[in-house]
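Engineer: how would this look folded up:
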Amino acid sequence: MTALAPLTGSLSLYYRALCGRGCELVPYDDDAELRQRPDTATTVRLPSHVHSGPSWYQVALTHRALHHELGTFELALDRPEPFFRRLRPAGLSGGLDRFAGLFGRTALAVEVFTVLEDLRVDTAALRLFPGLAPAYERVRDDELATRPDLAELPPRSAAAEALVRLSLGATSIRLPQPLHPAVTRMAAVAKVLADRESTVESTAEAAIRCYGVLARLPNLTPAAGPDEEVAFTESAVDDGFTLPGQEFRLEGDEVFDVRFAPVHYRDVPGPRYLGLSASGMPLTEAILRMTGEESQAADEFTERSLAAESGQVDVTTVQRPPEPLPHDHGPDLEDHHHGETGPVHANGRHEFAYPEWDHRAGEYLADWCLVREKRPRSGRSGRTHRDALKRNRALLPALTAQLERMAPLGRRRRTRLRHGDDLDLDACVEAMADVRTGRTPGEAVYSALEPVAREVAVAFALDLSSSTAERLPERDDGIRRILDLERESVALLLEAVERVGDSYGIYGFSGTGREDVVVSVVKSLDERRTPATLRRLDGLVPQHTTRMGPAIRHLTRRLATHGAPSKLLVLVSDGRPFDLDYGQRYGEDAVLDYALADTTRALAEARLAGVRPYLITVDPAGGDYLRTMCDPDEYHVIADPRDLPVALARLYVTARRAWPVT
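Structural biologist: As a prediction, this is how the structure comes out:
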């Protein structure tokens, strides 16, 4: 078995040599997961371990790099191509986002385009790198051996699977005879893309034709009839295709979008295939954003809680950063492509534009970073929370007691109530005395905790950079990664803070360039804790880089609009601020200093807005840069990551005590 970690350095150089681009190699969250999250413009996701040798990783990176070299993401609908009679509508311009809009089943169209483009890229790889060809063929043969059973698939899915196998080098396939005409027509079209003169526009024309074949097939029960072999090599081009018009749907055909089973060495369709700047999301979410239906896809996204927090940060200072852009409610596809030096645009209802501090120029770059709020996917259960309480059961009572001693409390107990969540012992004793003396007992024998004004609001922000997937020394308590420790720490604090009544929010943050900074909302500040909160905490996964400045500005904005007089921002990280395009116009050597300067400025803005920031890191070298970013009492460096839960709990007690209620 071969591990990715020791190969990342050489593989990154190999990728850069092939396509002239830098990338961050990120291991899958779970190698066994069938459907992984897509690559982005700056991040390539690969299995953490493979059963074959290092050549598997080389094949996977070659395929991904050639997408850039062969122009996959540069489709121009008005550009000619040499092989097909043009079916693209005259006058149509734009990229794949506009192309996909031609079809009634958008996801199917993107999947078809992707597998055909993968075929074009793979045949080019075999042609351009003959020395790699034996390894490439082995990887493709291994993929063919693990494909889904065709006998169990309905007609449209079976024909789609035949197309995938053709792209993997299969020369024939066994299918029920009624499917042979459809498969041979698609094979004839697809084989054209093996020509060295084919372009991404050729793939678009081929996709129109193959989509038309698939869309006419039913997708209900498996096709009837005995399996017979159909040879891809025997098919001849039949160009009697037309652009799909008004599509009809068969009665009972509920499953319209065929999901192509992933090919493990290839990237999966994502927002890059639709020309969207936001990345890291699955295909279905990207399509919903493109069609303006994002709100329907939000997983348990509470509109009321977000709207309650959506004010502007009023920072009173001599040199104040530009205010974040107000955001409207509808994606403008024309604005999703930005020059590297231009402003970003907050088009979605959960998108926000923020400035960035350029310390070299001594000025703010207005509307320079786009922050996108989203809900993390839900985990299977709230097990992280329960396990954290179990492991830290000796710590929780003392932590809660320390918080409760800090008056005023967030809750108070009312007694002698007719209804409540507990019995009032004094009232019960009096009632029993009344019964024994023959008097009618009173009915007000209950007590209840009722909230009082929230005096403290705290936002916990967890670094979700790819390095939080780093493995820790083996333990017997289920903690395997730095992110597991981050979740454990918040799960412990969540329980204590809930008991004393502080208002709190839980967020994750990560960046993939300035146009895609994601803030994952586990729980917003005024949202009630529910079982879904715990499942979302379980669902947090390592993502990309540590672009901290925009996340700080966004959470400052959320806190500044909260009514609590004391506001805390607690950030938990495992390393220094960093992103691939942070200050790159000044050269790669300037990236780290630029990132630190912008983050330092964002922290200063938080203080001016009445928000007290605290940073805690498990990076042993954290003191080297945190002392330049923070006041001495605003950061803490943990020597051993395993001490994070206890250290974070103590820091919160200290921070809350140092920020008294006025």
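
Engineer: Identify the residues contacting Pro620.
Structural biologist: Val637, Ala639 (C-beta atoms under 8 Å, 6 or more residues apart in numbering). Backbone N, C-alpha and C define where each C-beta goes, glycine included.

Engineer: now the helices: where do they sit in the stretch 1-150 of the chain?
Structural biologist: Counting by DSSP state H, counting those that start in this stretch, the segments of the stretch 1-150 of the chain that form helices are 8-19, 55-69, 96-100, 106-128, 133-144.

Engineer: Just want the angle from the first one to helix 106-128.
Structural biologist: Using axes from the mean of the first three to the mean of the last three C-alpha atoms, to 10 degrees, one finds that helix 8-19 and helix 106-128 are set 90 degrees apart in direction.

Engineer: follow-up on the earlier one: to Glu486, which of the helices of the stretch 1-150 of the chain lies closest?
Structural biologist: Nearest to Glu486 among these is helix 8-19 (22.2 Å), distances taken as C-beta to C-beta.

Engineer: Quick check, Arg21 in contact with Tyr15.
Structural biologist: Yes: using C-beta atoms under 8 Å, Arg21 is in contact with Tyr15, at 7.1 Å.

Engineer: Quick check: neighbours shared by these two?
Structural biologist: Ala65.

Engineer: Of the helices of the stretch 1-150 of the chain, which is nearest Ser510?
Structural biologist: When these are compared by C-beta to C-beta, helix 8-19 sits nearest Ser510, at 18.2 Å.

Engineer: Could you tell me the angle between the direction of the closest one and that of helix 55-69?
Structural biologist: Orientation check (the same axes, to 10 degrees): helix 8-19 against helix 55-69 gives 30 degrees.

Engineer: Alpha carbons only: can I get helix 8-19 in CSV?
Structural biologist: Listed next in CSV are the C-alpha coordinates belonging to helix 8-19 (Å, rounded to 0.1, in the frame of the first residue of the first chain):
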residue,chain,number,x,y,z
THR,A,8,3.2,15.3,-1.9
GLY,A,9,6.3,17.3,-2.5
SER,A,10,7.4,15.5,-5.7
LEU,A,11,3.8,15.1,-6.9
SER,A,12,3.2,18.9,-6.6
LEU,A,13,6.4,19.6,-8.6
TYR,A,14,5.2,17.1,-11.2
TYR,A,15,1.8,18.7,-11.5
ARG,A,16,3.4,22.2,-11.9
ALA,A,17,5.8,20.9,-14.6
LEU,A,18,2.9,19.5,-16.6
CYS,A,19,0.5,22.5,-16.5
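
Engineer: Now it: average pLDDT?
Structural biologist: Helix 8-19 comes out with an average pLDDT of 87.

Engineer: got it, and stretch 214-232?
Structural biologist: Averaging pLDDT along stretch 214-232 gives 71.

Engineer: re the thing from before, of the helices of the stretch 1-150 of the chain, give the one that comes closest to Ala595.
Structural biologist: Using C-beta to C-beta, the nearest of the helices of the stretch 1-150 of the chain to Ala595 is helix 8-19, at 19.3 Å.

Engineer: Bridging across strands, which residues link to Leu615?
Structural biologist: Judged by DSSP bridges, the bridge partners of Leu615 are Leu571, Tyr635.

Engineer: what ranges of the stretch 251-400 of the chain fall below the confidence cut-off?
Structural biologist: 251-258, 276-282, 284-341, 379-385, 388-389, 392-400 (pLDDT under 70).

Engineer: ok, back up a step: will you turn the helices of the stretch 1-150 of the chain into CSV that also has mean neighbour count and distance to Ser167?
Structural biologist: Below are the helices of the stretch 1-150 of the chain laid out as CSV (neighbours: other C-beta atoms under 10 Å; distance: least, C-beta to C-beta, whole Å):
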stretch, mean neighbour count, distance to Ser167
helix 8-19, 15, 20
helix 55-69, 21, 11
helix 96-100, 24, 18
helix 106-128, 23, 4
helix 133-144, 16, 9
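
Engineer: out of the ones you listed, nearest to Phe84?
Structural biologist: helix 106-128 (12.0 Å).

Engineer: now the strands for the stretch 451-600 of the chain?
Structural biologist: Per DSSP state E, counting those that start in this stretch, the stretch 451-600 of the chain carries strands over the ranges 456-463, 503-511, 517-523, 566-573.

Engineer: got it, and the stretch 101-250 of the chain?
Structural biologist: Assigned by DSSP E, counting those that start in this stretch, the strands in the stretch 101-250 of the chain fall at 172-176, 227-231.

Engineer: and Arg85, which of the strands of the stretch 451-600 of the chain is closest to it?
Structural biologist: The nearest among the strands of the stretch 451-600 of the chain, by C-beta to C-beta, is strand 517-523 at 42.9 Å.

Engineer: Strand partners (parallel or antiparallel) of the closest one?
Structural biologist: When DSSP bridges is applied, strand 517-523 pairs with strand 363-374 (parallel), strand 503-511 (antiparallel).

Engineer: Need the residues that contact that strand.
Structural biologist: Residues from elsewhere that reach strand 517-523 (C-beta under 8 Å, 6+ apart): 280, 301, 306, 369-376, 464, 504-512, 529, 533, 536-537, 540, 543, 547, 550-551, 554-555.

Engineer: rerun that using 7 Å as the cut-off
Structural biologist: Strand 517-523 is contacted by residues 280, 369-376, 464, 505-511, 529, 533, 536-537, 540, 543, 547, 550-551, 554 when judged by C-beta atoms under 7 Å, 6 or more residues apart in numbering.

Engineer: Buried ones among those residues?
Structural biologist: The neighbour count (16 or more other C-beta atoms under 10 Å) marks 280, 369-376, 464, 505-511, 533, 536-537, 540, 543, 547, 550-551, 554 as buried among the contacts of strand 517-523.

Engineer: Let's have the strands of the stretch 451-600 of the chain in TSV, adding distance to Asp97 and mean pLDDT.
Structural biologist: Shown next, in TSV, are these (distance: least, C-beta to C-beta, whole Å; pLDDT from 0 to 100):
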stretch	distance to Asp97	mean pLDDT
strand 456-463	32	89
strand 503-511	23	90
strand 517-523	20	92
strand 566-573	35	89
